[in-house]
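*Asks:* Could you look at this predicted model? Sequence included:
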Amino acid sequence: MAKQVKLSDLTPDDKNFNKGSEFGNSLIEKSFRKFGAGRSILIDKNNRIIAGNKSVENAMAIGMDDVQIVESDGTKIIAVKRTDIDLDSAEGREMALADNASAKANIVFDAELIEAEVGEAVCQEWGVGIIQQDIEEVDDFNEQVKFTIDCDNIEQLEKLQTKLNVSGKKISYEDFLIKAAL
């Protein structure tokens with residue numbers, strides 16, 4: 001049985017690992033305006049948001065007020081069924097694209113917070129790369145780039161590129177970003 005409460009009754013994660021991006025937030029807002037809600041968020045037993053902080057922020061920003069809560073112990077998948085959408089319609093396919101595009105565009109990890117809260121080993125377990133602040137020596141450029149890419153933090157990429165230049169492996173910032181993108 002679902003119960004309805006106000007979005008304002010939910011508590012955002014004060015240590016949200018995702019800082020979001022201006023572009024990503026604009027896509028989430030656009031998707032809400034065009035399609036309405038399409039997926040669920042995740043809250044804990046105290047109504048604190050585990051996943052979907054940016055969705056709640058954007059929903060509230062455009063005037064959505066209510067959330068329907070379906071309680072679960074995690075042993076079953078919860079599906080949101082949109083009775084007004086057919087996946088094989090142009091609207092259904094665009095909604096699927098909007099969901100994926102906005103999710104991708106709005107992930108900007110807070111590397112320092114992640115490392116402080118869960119540590120490097122947990123990050124590696126989940127495939128999230130954390131840039132170490134003081135890289136003493138760079139033995140394998142490609143491995144460092146692979147480790148760095150997940151962070152999506154230009155300032156940290158610039159620091160790594162500077163360390164590479166100091167270590168004698170001269171490379172322009174443009175070449176560094178091209179290699180990093182591969």
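*Replies:* Yep, it's here.
*Asks:* Show me how the record splits the chain into domains.
*Replies:* Per the record, the chain has its domains at 2-105, 111-181, by automatic domain parsing.
*Asks:* and V67, that's in a strand?
*Replies:* Yes. The assignment for V67 is a strand, going by DSSP: H, G, I helix; E, B strand; the rest coil.
*Asks:* Leaving out the residues flanking it, which one is nearest to it?
*Replies:* Nearest non-adjacent residue to V67, counting by C-beta to C-beta, 6 or more residues apart in numbering: L7, 5.1 Å away. Placement of C-beta: from N, CA and C, glycine included.
*Asks:* pretty sure that neighbour contacts Q68?
*Replies:* No. Look at L7 against Q68 with C-beta atoms under 8 Å: they stay out of range, at 10.6 Å.
*Asks:* Looking at those two, which is more packed in?
*Replies:* A count of neighbours by other C-beta atoms under 10 Å puts L7 above the other of L7 and Q68, at 16 against 11.
*Asks:* show me what contacts that one?
*Replies:* For L7, the contact set (C-beta atoms under 8 Å, 6 or more residues apart in numbering) comprises V56, A59, M60, M64, D65, D66, V67.
*Asks:* State the phi and psi torsions of G119.
*Replies:* Backbone torsions of G119, given as degrees, to the nearest 10, read phi 90, psi 160.
*Asks:* Please apply the same query to I41.
*Replies:* As for I41, its main-chain torsions (degrees, to the nearest 10) stand at phi -110, psi 180.
*Asks:* Report pLDDT for it.
*Replies:* pLDDT for I41: 96.
*Asks:* about what we covered before: and the domains of the chain, which one averages the lowest pLDDT?
*Replies:* Among those, domain 111-181 has the lowest mean pLDDT, at a mean of 62.
*Asks:* all strands for this protein, in order.
*Replies:* Using DSSP state E, the strands of the chain run over 2-6, 42-43, 49-51, 66-70.
*Asks:* Of the ones you listed, give the one that comes closest to E120.
*Replies:* strand 49-51 (21.7 Å; C-beta to C-beta).
*Asks:* that older thread, from the contacts of L7, which is closest to E125?
*Replies:* Looking at the contacts of L7 and their distance to E125, the nearest is V56, at 27.2 Å (C-beta to C-beta).
*Asks:* mind listing what the closest one touches?
*Replies:* With C-beta under 8 Å, 6+ apart, V56 has these contacts: L7, L10, P12, I41, I49, V67.
*Asks:* Among these, which pair sits farthest apart?
*Replies:* So, those by C-beta to C-beta: farthest apart are P12 and V67, at 12.8 Å.
*Asks:* Put the buried members of the contacts of L7 into a ChimeraX selection.
*Replies:* Selection of buried members from the contacts of L7 for ChimeraX, criterion 16 or more other C-beta atoms under 10 Å:
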select :56,59,67
